[in-house]
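Asker: the sequence isn't on hand, but the structure is:
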DNA sequence: GCTCATATACTCGTCTACGAGTAAGAGTGA
DNA sequence: TCACTCTTACTCGTAGACGAGTATATGAGC
(Lines give C-alpha, C1' and ligand atoms only; values in the text may rest on other atoms or scores of the structure.)
Protein backbone atom coordinates (compact mmCIF):
# COMPACT_ATOMS: atom_id res chain seq x y z
CA UNK A 1 0.00 0.00 0.00
CA UNK A 2 1.35 3.38 -0.99
CA UNK A 3 2.01 5.67 1.91
CA UNK A 4 -0.18 8.73 1.82
CA UNK A 5 1.86 11.59 0.43
CA UNK A 6 2.47 14.46 2.79
CA UNK A 7 0.13 17.32 2.09
CA UNK A 8 1.33 19.48 -0.68
CA UNK A 9 0.23 23.09 -0.75
CA UNK A 10 -1.54 24.56 -3.73
CA UNK A 11 0.79 27.54 -3.42
CA UNK A 12 4.30 27.30 -2.04
CA UNK A 13 5.62 30.84 -2.31
CA UNK A 14 5.85 32.38 1.20
CA UNK A 15 4.67 35.61 -0.37
CA UNK A 16 1.27 33.93 -0.69
CA UNK A 17 1.20 33.43 3.06
CA UNK A 18 2.05 37.06 3.56
CA UNK A 19 -0.79 38.04 1.25
CA UNK A 20 -3.21 35.83 3.21
CA UNK A 21 -2.02 37.43 6.42
CA UNK A 22 -2.56 40.90 4.94
CA UNK A 23 -6.07 40.10 3.75
CA UNK A 24 -6.88 38.51 7.08
CA UNK A 25 -6.35 41.85 8.80
CA UNK A 26 -8.57 43.81 6.44
CA UNK A 27 -9.45 43.69 2.72
CA UNK A 28 -6.73 45.26 0.62
CA UNK A 29 -5.62 45.76 -2.96
CA UNK A 30 -2.32 44.17 -4.03
CA UNK A 31 -0.27 47.31 -4.07
CA UNK A 32 -1.37 48.20 -0.57
CA UNK A 33 -0.36 44.75 0.66
CA UNK A 34 3.11 45.33 -0.67
CA UNK A 35 3.27 48.75 0.92
CA UNK A 36 2.19 47.56 4.33
CA UNK A 37 4.59 44.63 4.22
CA UNK A 38 7.44 46.96 3.32
CA UNK A 39 6.47 49.52 5.87
CA UNK A 40 6.55 46.89 8.60
CA UNK A 41 9.94 45.71 7.47
CA UNK A 42 8.72 42.30 6.34
CA UNK A 43 10.69 42.58 3.11
CA UNK A 44 13.70 41.61 5.20
CA UNK A 45 12.26 38.16 5.86
CA UNK A 46 10.01 37.66 2.83
CA UNK A 47 11.02 38.44 -0.71
CA UNK A 48 8.47 40.76 -2.24
CA UNK A 49 8.71 40.78 -6.00
CA UNK A 50 6.04 42.66 -7.88
CA UNK A 51 5.98 40.19 -10.71
CA UNK A 52 5.34 37.44 -8.18
CA UNK A 53 2.86 39.44 -6.12
CA UNK A 54 0.28 39.71 -8.86
CA UNK A 55 0.69 36.10 -9.95
CA UNK A 56 0.31 34.98 -6.35
CA UNK A 57 -2.83 37.05 -5.75
CA UNK A 58 -4.32 35.62 -8.92
CA UNK A 59 -3.56 32.07 -7.85
CA UNK A 60 -4.91 32.63 -4.35
CA UNK A 61 -8.12 33.83 -5.90
CA UNK A 62 -8.23 30.89 -8.29
CA UNK A 63 -8.02 28.48 -5.36
CA UNK A 64 -10.67 30.35 -3.41
CA UNK A 65 -8.40 31.53 -0.58
CA UNK A 66 -9.14 35.17 -1.24
CA UNK A 67 -12.01 36.83 -3.11
CA UNK A 68 -12.36 40.14 -4.90
CA UNK A 69 -14.66 42.33 -2.82
CA UNK A 70 -15.00 45.13 -5.33
CA UNK A 71 -12.92 47.86 -6.88
CA UNK A 72 -11.94 51.34 -5.95
CA UNK A 73 -10.40 54.18 -7.86
CA UNK A 74 -8.27 57.06 -6.70
CA UNK A 75 -8.51 60.01 -9.06
CA UNK A 76 -7.73 58.89 -12.57
CA UNK A 77 -5.29 56.20 -11.43
CA UNK A 78 -5.94 52.69 -12.71
CA UNK A 79 -8.71 50.83 -10.97
CA UNK A 80 -7.67 48.63 -8.07
CA UNK A 81 -9.28 45.37 -7.04
CA UNK A 82 -9.69 44.88 -3.30
CA UNK A 83 -9.35 41.33 -1.97
CA UNK A 84 -10.60 39.83 1.28
CA UNK A 85 -9.77 36.45 2.82
CA UNK A 86 -12.29 33.61 2.67
CA UNK A 87 -12.92 30.99 5.34
CA UNK A 88 -10.94 28.42 3.33
CA UNK A 89 -8.20 30.99 3.06
CA UNK A 90 -8.14 31.58 6.78
CA UNK A 91 -7.88 27.85 7.40
CA UNK A 92 -5.08 27.52 4.88
CA UNK A 93 -3.24 30.41 6.48
CA UNK A 94 -3.47 28.91 9.97
CA UNK A 95 -2.41 25.50 8.75
CA UNK A 96 0.48 26.78 6.68
CA UNK A 97 1.77 29.12 9.35
CA UNK A 98 1.54 26.35 11.93
CA UNK A 99 3.60 24.11 9.72
CA UNK A 100 6.23 26.76 9.08
CA UNK A 101 6.64 27.36 12.79
CA UNK A 102 6.54 23.79 14.05
CA UNK A 103 8.22 21.65 11.40
CA UNK A 104 11.91 22.23 10.65
CA UNK A 105 12.61 21.76 6.95
CA UNK A 106 15.91 21.33 5.24
CA UNK A 107 16.54 24.20 2.91
CA UNK A 108 19.64 24.25 0.78
CA UNK A 109 21.70 27.35 1.51
CA UNK A 110 23.98 28.24 -1.37
CA UNK A 111 26.96 28.43 0.93
CA UNK A 112 26.50 24.79 1.90
CA UNK A 113 26.54 23.86 -1.78
CA UNK A 114 29.68 25.95 -2.19
CA UNK A 115 31.38 24.19 0.71
CA UNK A 116 30.53 20.77 -0.64
CA UNK A 117 32.03 21.60 -4.05
CA UNK A 118 34.99 23.57 -2.77
CA UNK A 119 37.25 20.66 -3.68
CA UNK A 120 37.13 21.92 -7.27
CA UNK A 121 39.23 24.90 -6.22
CA UNK A 122 42.81 24.83 -4.82
CA UNK A 123 42.91 24.89 -1.01
CA UNK A 124 44.79 28.16 -0.61
CA UNK A 125 42.32 29.93 -2.83
CA UNK A 126 39.42 28.55 -0.81
CA UNK A 127 41.05 29.73 2.39
CA UNK A 128 41.38 33.26 1.01
CA UNK A 129 37.78 33.28 -0.22
CA UNK A 130 36.48 32.14 3.14
CA UNK A 131 38.47 34.82 4.90
CA UNK A 132 36.84 37.37 2.63
CA UNK A 133 33.43 35.96 3.53
CA UNK A 134 34.19 36.14 7.23
CA UNK A 135 35.09 39.80 6.94
CA UNK A 136 31.87 40.57 5.07
CA UNK A 137 29.89 38.56 7.57
CA UNK A 138 31.39 40.41 10.53
CA UNK A 139 30.58 43.74 8.88
CA UNK A 140 27.02 42.70 8.21
CA UNK A 141 26.57 41.53 11.77
CA UNK A 142 27.75 44.79 13.28
CA UNK A 143 25.59 46.89 10.99
CA UNK A 144 22.50 44.84 11.68
CA UNK A 145 23.14 44.73 15.40
CA UNK A 146 23.15 48.52 15.38
CA UNK A 147 19.94 48.77 13.36
CA UNK A 148 18.30 46.26 15.67
CA UNK A 149 19.26 48.35 18.70
CA UNK A 150 17.66 51.43 17.19
CA UNK A 151 14.50 49.50 16.46
CA UNK A 152 14.36 48.12 19.97
CA UNK A 153 14.21 51.67 21.25
CA UNK A 154 10.83 52.33 19.63
CA UNK A 155 9.26 48.93 19.03
CA UNK A 156 8.11 46.08 21.30
CA UNK A 157 10.44 43.10 20.94
CA UNK A 158 7.88 40.70 19.45
CA UNK A 159 8.02 42.75 16.27
CA UNK A 160 11.75 42.15 16.06
CA UNK A 161 11.87 38.42 16.69
CA UNK A 162 12.65 37.51 13.08
CA UNK A 163 15.40 40.11 12.85
CA UNK A 164 16.90 38.77 16.08
CA UNK A 165 16.79 35.27 14.64
CA UNK A 166 18.50 36.32 11.42
CA UNK A 167 21.21 38.14 13.33
CA UNK A 168 21.82 35.17 15.62
CA UNK A 169 22.17 32.82 12.67
CA UNK A 170 24.64 35.12 10.99
CA UNK A 171 26.70 35.31 14.14
CA UNK A 172 26.68 31.54 14.37
CA UNK A 173 27.91 31.25 10.81
CA UNK A 174 30.69 33.72 11.47
CA UNK A 175 31.81 31.81 14.56
CA UNK A 176 31.77 28.49 12.77
CA UNK A 177 33.75 29.96 9.91
CA UNK A 178 36.32 31.40 12.30
CA UNK A 179 36.79 27.93 13.75
CA UNK A 180 37.14 26.33 10.33
CA UNK A 181 39.71 28.87 9.20
CA UNK A 182 41.72 28.31 12.35
CA UNK A 183 41.75 24.58 11.70
CA UNK A 184 42.77 25.14 8.10
CA UNK A 185 45.60 27.48 9.03
CA UNK A 186 46.98 25.18 11.69
CA UNK A 187 46.59 22.12 9.48
CA UNK A 188 44.42 20.51 12.15
CA UNK A 189 41.74 19.63 9.63
CA UNK A 190 42.43 16.10 8.40
CA UNK A 191 42.68 15.72 4.64
CA UNK A 192 44.12 19.17 3.89
CA UNK A 193 47.46 17.72 2.78
CA UNK A 194 45.74 15.24 0.47
CA UNK A 195 43.84 18.11 -1.09
CA UNK A 196 47.05 20.12 -1.57
CA UNK A 197 48.82 17.11 -3.00
CA UNK A 198 46.01 16.67 -5.48
CA UNK A 199 46.51 20.22 -6.73
CA UNK A 200 50.26 19.77 -7.07
CA UNK A 201 50.48 16.32 -8.63
CA UNK A 202 47.13 16.54 -10.44
CA UNK A 203 46.09 13.14 -9.12
CA UNK A 204 44.24 12.20 -5.94
CA UNK A 205 46.45 10.69 -3.21
CA UNK A 206 46.67 6.94 -2.92
CA UNK A 207 44.58 6.63 0.20
CA UNK A 208 41.65 8.43 -1.51
CA UNK A 209 41.29 6.33 -4.61
CA UNK A 210 39.09 3.69 -3.04
CA UNK A 211 37.30 5.97 -0.60
CA UNK A 212 34.29 6.12 -2.89
CA UNK A 213 33.78 2.38 -2.64
CA UNK A 214 34.48 2.08 1.06
CA UNK A 215 31.97 4.78 1.89
CA UNK A 216 29.17 3.70 -0.41
CA UNK A 217 27.24 1.99 2.35
CA UNK A 218 27.65 4.84 4.81
CA UNK A 219 24.57 6.29 6.42
CA UNK A 220 24.29 9.75 4.97
CA UNK A 221 22.00 12.49 6.17
CA UNK A 222 19.24 12.93 3.62
CA UNK B 1 24.22 57.03 -15.45
CA UNK B 2 22.83 53.66 -14.56
CA UNK B 3 25.00 51.70 -12.20
CA UNK B 4 26.34 48.56 -13.77
CA UNK B 5 24.20 45.70 -12.62
CA UNK B 6 25.95 43.02 -10.65
CA UNK B 7 26.79 40.09 -12.84
CA UNK B 8 23.85 37.83 -13.30
CA UNK B 9 24.53 34.20 -14.04
CA UNK B 10 23.12 32.49 -17.08
CA UNK B 11 22.17 29.60 -14.83
CA UNK B 12 21.36 30.03 -11.18
CA UNK B 13 20.47 26.51 -10.05
CA UNK B 14 23.29 25.21 -7.81
CA UNK B 15 22.78 21.85 -9.47
CA UNK B 16 24.38 23.41 -12.56
CA UNK B 17 27.50 24.14 -10.53
CA UNK B 18 27.56 20.56 -9.34
CA UNK B 19 27.29 19.37 -12.95
CA UNK B 20 30.19 21.62 -13.95
CA UNK B 21 32.21 20.25 -11.08
CA UNK B 22 31.42 16.69 -12.15
CA UNK B 23 32.39 17.33 -15.76
CA UNK B 24 35.55 19.09 -14.64
CA UNK B 25 36.78 15.87 -13.05
CA UNK B 26 36.16 13.72 -16.10
CA UNK B 27 33.59 13.59 -18.92
CA UNK B 28 30.37 11.95 -17.78
CA UNK B 29 26.82 11.26 -18.85
CA UNK B 30 24.00 12.89 -16.81
CA UNK B 31 22.92 9.80 -14.98
CA UNK B 32 26.46 9.11 -13.85
CA UNK B 33 26.79 12.66 -12.53
CA UNK B 34 23.76 12.10 -10.36
CA UNK B 35 25.09 8.78 -9.15
CA UNK B 36 28.48 10.14 -8.18
CA UNK B 37 26.92 13.15 -6.44
CA UNK B 38 24.68 10.85 -4.45
CA UNK B 39 27.39 8.42 -3.67
CA UNK B 40 29.52 11.21 -2.23
CA UNK B 41 26.62 12.39 -0.13
CA UNK B 42 26.27 15.71 -1.96
CA UNK B 43 22.50 15.28 -2.13
CA UNK B 44 22.49 16.47 1.47
CA UNK B 45 23.74 19.91 0.45
CA UNK B 46 22.50 20.15 -3.13
CA UNK B 47 19.04 19.21 -4.24
CA UNK B 48 19.28 16.72 -7.07
CA UNK B 49 16.07 16.46 -9.01
CA UNK B 50 16.10 14.39 -12.17
CA UNK B 51 13.72 16.68 -13.93
CA UNK B 52 16.05 19.57 -13.22
CA UNK B 53 19.20 17.63 -13.99
CA UNK B 54 18.43 17.10 -17.65
CA UNK B 55 17.16 20.66 -18.13
CA UNK B 56 20.28 22.00 -16.48
CA UNK B 57 22.63 19.87 -18.59
CA UNK B 58 20.82 21.05 -21.70
CA UNK B 59 21.13 24.68 -20.68
CA UNK B 60 24.78 24.31 -19.79
CA UNK B 61 25.37 22.93 -23.24
CA UNK B 62 23.36 25.72 -24.84
CA UNK B 63 25.57 28.31 -23.15
CA UNK B 64 28.74 26.50 -24.14
CA UNK B 65 29.82 25.55 -20.62
CA UNK B 66 29.84 21.85 -21.38
CA UNK B 67 29.98 20.00 -24.71
CA UNK B 68 28.82 16.58 -25.82
CA UNK B 69 31.92 14.49 -26.42
CA UNK B 70 30.13 11.53 -27.97
CA UNK B 71 27.79 8.78 -26.98
CA UNK B 72 28.16 5.38 -25.44
CA UNK B 73 25.84 2.47 -25.10
CA UNK B 74 25.74 -0.32 -22.58
CA UNK B 75 24.07 -3.42 -23.97
CA UNK B 76 20.75 -2.49 -25.46
CA UNK B 77 20.11 0.28 -22.93
CA UNK B 78 19.27 3.70 -24.31
CA UNK B 79 22.18 5.64 -25.67
CA UNK B 80 23.87 8.02 -23.27
CA UNK B 81 25.49 11.30 -24.17
CA UNK B 82 28.79 12.04 -22.44
CA UNK B 83 29.58 15.67 -21.61
CA UNK B 84 32.90 17.32 -20.91
CA UNK B 85 33.60 20.80 -19.55
CA UNK B 86 34.79 23.57 -21.88
CA UNK B 87 37.26 26.35 -21.06
CA UNK B 88 34.38 28.82 -20.68
CA UNK B 89 32.70 26.32 -18.42
CA UNK B 90 35.76 25.94 -16.25
CA UNK B 91 36.01 29.72 -15.90
CA UNK B 92 32.32 29.97 -15.03
CA UNK B 93 32.71 27.22 -12.45
CA UNK B 94 35.67 28.93 -10.76
CA UNK B 95 33.96 32.29 -10.76
CA UNK B 96 30.66 30.96 -9.46
CA UNK B 97 32.22 28.83 -6.77
CA UNK B 98 34.40 31.74 -5.66
CA UNK B 99 31.32 33.90 -5.33
CA UNK B 100 29.40 31.30 -3.36
CA UNK B 101 32.26 30.93 -0.92
CA UNK B 102 33.24 34.56 -0.50
CA UNK B 103 30.04 36.59 -0.72
CA UNK B 104 27.37 36.08 1.94
CA UNK B 105 23.90 36.35 0.42
CA UNK B 106 20.62 36.77 2.17
CA UNK B 107 18.43 33.78 1.56
CA UNK B 108 14.93 33.72 2.90
CA UNK B 109 14.47 30.72 5.21
CA UNK B 110 10.84 29.73 5.54
CA UNK B 111 11.07 29.80 9.29
CA UNK B 112 12.02 33.47 9.25
CA UNK B 113 8.94 34.19 7.17
CA UNK B 114 6.90 32.17 9.65
CA UNK B 115 8.28 34.16 12.57
CA UNK B 116 7.55 37.46 10.92
CA UNK B 117 3.92 36.49 10.29
CA UNK B 118 3.36 34.68 13.58
CA UNK B 119 1.25 37.60 14.75
CA UNK B 120 -1.61 36.14 12.72
CA UNK B 121 -1.84 33.28 15.21
CA UNK B 122 -2.68 33.55 18.93
CA UNK B 123 0.39 33.72 21.18
CA UNK B 124 -0.24 30.54 23.14
CA UNK B 125 -0.64 28.56 19.95
CA UNK B 126 2.63 29.97 18.62
CA UNK B 127 4.38 29.03 21.83
CA UNK B 128 3.17 25.44 21.53
CA UNK B 129 4.18 25.23 17.87
CA UNK B 130 7.64 26.53 18.62
CA UNK B 131 8.06 24.01 21.40
CA UNK B 132 7.18 21.29 18.93
CA UNK B 133 9.80 22.64 16.55
CA UNK B 134 12.43 22.71 19.26
CA UNK B 135 11.80 19.06 20.06
CA UNK B 136 12.09 18.07 16.38
CA UNK B 137 15.21 20.17 16.03
CA UNK B 138 16.87 18.53 19.03
CA UNK B 139 16.06 15.11 17.63
CA UNK B 140 17.47 15.99 14.25
CA UNK B 141 20.64 17.34 15.81
CA UNK B 142 21.33 14.23 17.82
CA UNK B 143 20.71 11.92 14.86
CA UNK B 144 22.95 13.92 12.58
CA UNK B 145 25.66 14.26 15.18
CA UNK B 146 25.77 10.48 15.40
CA UNK B 147 25.90 10.02 11.64
CA UNK B 148 28.65 12.59 11.42
CA UNK B 149 30.68 10.73 14.04
CA UNK B 150 30.43 7.51 12.06
CA UNK B 151 31.54 9.29 8.93
CA UNK B 152 34.48 10.87 10.70
CA UNK B 153 35.74 7.39 11.50
CA UNK B 154 36.34 6.55 7.84
CA UNK B 155 36.62 9.87 6.01
CA UNK B 156 39.04 12.80 6.17
CA UNK B 157 37.35 15.83 7.72
CA UNK B 158 37.47 18.06 4.63
CA UNK B 159 34.83 15.82 3.08
CA UNK B 160 32.53 16.53 5.99
CA UNK B 161 32.89 20.28 6.23
CA UNK B 162 29.44 21.02 4.80
CA UNK B 163 27.77 18.50 7.09
CA UNK B 164 29.56 20.05 10.07
CA UNK B 165 28.32 23.46 8.96
CA UNK B 166 24.73 22.28 8.63
CA UNK B 167 24.83 20.66 12.06
CA UNK B 168 26.29 23.77 13.67
CA UNK B 169 23.60 25.96 12.17
CA UNK B 170 20.89 23.64 13.40
CA UNK B 171 22.34 23.69 16.89
CA UNK B 172 22.41 27.48 16.78
CA UNK B 173 18.78 27.59 15.78
CA UNK B 174 17.83 25.26 18.60
CA UNK B 175 19.69 27.38 21.13
CA UNK B 176 18.13 30.59 19.91
CA UNK B 177 14.71 29.00 20.03
CA UNK B 178 15.29 27.78 23.57
CA UNK B 179 16.11 31.35 24.57
CA UNK B 180 13.04 32.76 22.85
CA UNK B 181 10.74 30.24 24.49
CA UNK B 182 12.20 31.05 27.89
CA UNK B 183 11.52 34.73 27.32
CA UNK B 184 7.99 33.99 26.18
CA UNK B 185 7.24 31.79 29.19
CA UNK B 186 8.60 34.30 31.68
CA UNK B 187 6.90 37.22 29.94
CA UNK B 188 10.28 38.90 29.53
CA UNK B 189 9.68 39.56 25.85
CA UNK B 190 8.16 43.01 25.52
CA UNK B 191 4.90 43.20 23.61
CA UNK B 192 3.58 39.75 24.59
CA UNK B 193 0.73 41.24 26.63
CA UNK B 194 -0.27 43.52 23.77
CA UNK B 195 -0.42 40.51 21.51
CA UNK B 196 -2.55 38.57 23.99
CA UNK B 197 -4.82 41.57 24.47
CA UNK B 198 -5.30 41.76 20.74
CA UNK B 199 -6.51 38.17 20.67
CA UNK B 200 -8.90 38.71 23.56
CA UNK B 201 -10.41 42.08 22.65
CA UNK B 202 -10.03 41.63 18.88
CA UNK B 203 -8.44 45.04 18.52
CA UNK B 204 -4.80 46.12 18.74
CA UNK B 205 -3.87 47.86 22.01
CA UNK B 206 -3.88 51.64 22.10
CA UNK B 207 -0.11 52.07 22.11
CA UNK B 208 0.20 50.06 18.84
CA UNK B 209 -2.22 51.96 16.67
CA UNK B 210 0.22 54.62 15.59
CA UNK B 211 3.33 52.44 15.61
CA UNK B 212 3.13 52.07 11.85
CA UNK B 213 3.52 55.78 11.35
CA UNK B 214 6.16 56.32 13.99
CA UNK B 215 8.35 53.60 12.56
CA UNK B 216 7.99 54.46 8.88
CA UNK B 217 11.31 56.27 8.76
CA UNK B 218 13.20 53.59 10.65
CA UNK B 219 16.29 52.14 9.07
CA UNK B 220 15.37 48.60 8.24
CA UNK B 221 17.76 45.89 7.19
CA UNK B 222 17.39 45.25 3.49
C1' DG C 1 3.10 76.83 -16.25
C1' DC C 2 6.46 73.73 -18.04
C1' DT C 3 9.79 70.10 -17.43
C1' DC C 4 11.87 66.45 -15.13
C1' DA C 5 12.02 63.08 -11.56
C1' DT C 6 9.86 60.03 -8.78
C1' DA C 7 6.03 57.22 -7.12
C1' DT C 8 2.14 54.52 -8.30
C1' DA C 9 0.21 50.47 -10.09
C1' DC C 10 0.47 47.14 -12.72
C1' DT C 11 1.37 43.65 -17.33
C1' DC C 12 3.91 40.54 -20.07
C1' DG C 13 6.80 37.03 -21.61
C1' DT C 14 10.33 34.06 -20.76
C1' DC C 15 12.76 30.89 -18.44
C1' DT C 16 13.05 27.31 -15.32
C1' DA C 17 12.00 24.06 -11.78
C1' DC C 18 10.29 19.73 -10.93
C1' DG C 19 6.78 16.07 -10.27
C1' DA C 20 4.98 12.44 -12.54
C1' DG C 21 5.24 9.38 -16.05
C1' DT C 22 7.60 5.85 -19.13
C1' DA C 23 10.02 2.05 -20.78
C1' DA C 24 13.44 -1.29 -21.14
C1' DG C 25 16.93 -4.35 -19.14
C1' DA C 26 18.53 -7.07 -14.99
C1' DG C 27 18.00 -9.68 -11.16
C1' DT C 28 15.44 -13.03 -8.17
C1' DG C 29 12.53 -16.40 -6.33
C1' DA C 30 9.36 -20.30 -7.00
C1' DT D 1 11.38 -20.36 -17.27
C1' DC D 2 8.24 -17.14 -16.23
C1' DA D 3 6.39 -13.64 -13.58
C1' DC D 4 7.56 -9.80 -10.81
C1' DT D 5 10.15 -6.26 -9.00
C1' DC D 6 13.99 -3.15 -9.02
C1' DT D 7 17.12 -0.22 -11.21
C1' DT D 8 18.51 2.44 -15.01
C1' DA D 9 17.83 6.26 -17.79
C1' DC D 10 15.41 9.40 -19.29
C1' DT D 11 10.92 12.66 -21.32
C1' DC D 12 7.13 15.71 -20.92
C1' DG D 13 3.97 19.06 -19.39
C1' DT D 14 2.77 22.53 -16.60
C1' DA D 15 2.75 25.83 -13.04
C1' DG D 16 5.09 29.40 -11.19
C1' DA D 17 8.93 32.78 -10.37
C1' DC D 18 10.64 37.01 -11.66
C1' DG D 19 12.93 40.65 -14.44
C1' DA D 20 11.98 44.15 -17.30
C1' DG D 21 8.92 47.02 -19.29
C1' DT D 22 4.89 50.39 -19.36
C1' DA D 23 1.89 54.12 -18.48
C1' DT D 24 -0.14 57.50 -15.71
C1' DA D 25 -0.02 60.87 -11.96
C1' DT D 26 1.90 63.87 -8.77
C1' DG D 27 5.20 67.02 -6.88
C1' DA D 28 9.35 70.00 -7.00
C1' DG D 29 12.01 73.22 -8.93
C1' DC D 30 12.91 76.92 -12.16
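Answerer: Nice, thanks for sending it over. From a predicted model like this one, the values you see are computed outputs, not experimental measurements. Numbering: from 1, shown residues only, chains lettered A, B, ... in the order given.
Asker: distance of the closest residue to DNA strand D within chain A from DNA strand C?
Answerer: Proximity of chain A to DNA strand D (Cβ to the nearest atom of the strand) peaks at residue A:51, 2.1 Å away. Any C-beta I mention is one placed from the backbone N, CA and C, and that applies to glycine too. According to Cβ to the nearest atom of the strand, to the nearest Å, residue A:51 stands 4 Å off from DNA strand C.
Asker: swap in residue A:142?
Answerer: Remark: distance between residue A:142 and DNA strand C (Cβ to the nearest atom of the strand) = 28 Å.
Asker: right, is the longest helix along chain A up against chain B?
Answerer: With secondary structure taken from DSSP state H, chain A has its longest helix at helix A:123-154. Yes: using Cβ under 8 Å from any Cβ of the partner chain, we find that helix A:123-154 touches chain B at A:125-126, A:129-130, A:132-133, A:136-137, A:140, A:143-144, A:147-148, A:150-151, A:154.
Asker: picking that back up, so which helix or strand takes in the residue of chain A closest to DNA strand D?
Answerer: Element membership for residue A:51, per DSSP states H and E: helix A:50-62.
Asker: residue A:91: neighbour count?
Answerer: Residues lying near residue A:91 (other Cβ atoms under 10 Å in any protein chain shown) number 12.
Asker: check contacts around it.
Answerer: Residues near residue A:91 by Cβ atoms under 8 Å, 6 or more residues apart in numbering or on different chains: none.
Asker: now do the buried residues in the helix or strand harbouring it.
Answerer: According to DSSP H and E, residue A:91 maps onto helix A:87-102. Within helix A:87-102, the residues scored as buried using 16 or more other Cβ atoms under 10 Å in any protein chain shown are A:89-90, A:92-94, A:96-98, A:100-102.
Asker: now residue A:93. Nearest residue, chain neighbours left out?
Answerer: Closest residue to residue A:93 apart from its sequence neighbours, by Cβ to Cβ, 6 or more residues apart in numbering or on different chains: residue A:20 at 4.1 Å.
Asker: just to check, that neighbour is in contact with residue A:94?
Answerer: No: in this structure, residue A:20 is not within contact of residue A:94 by Cβ atoms under 8 Å, at 9.4 Å.
Asker: I figured residue A:61 hits residue A:81, correct?
Answerer: No: look at residue A:61 against residue A:81 with Cβ under 8 Å: they stay out of range, at 9.1 Å.
Asker: spit out the residues that contact those two alike.
Answerer: With Cβ under 8 Å, 6+ apart, residue A:61 and residue A:81 have common neighbours residue A:68.
Asker: which of these two has more neighbours?
Answerer: Taking neighbours as other Cβ under 10 Å, residue A:61 and residue A:81 compare with residue A:61 leading, 16 against 13.
Asker: okay, now residue A:28: neighbour count?
Answerer: Residue A:28: 21 neighbours (other Cβ under 10 Å).
Asker: who's it bridged to?
Answerer: When bridges are called by DSSP bridges, residue A:28 pairs up with residue A:83.
Asker: noted, bye for now.
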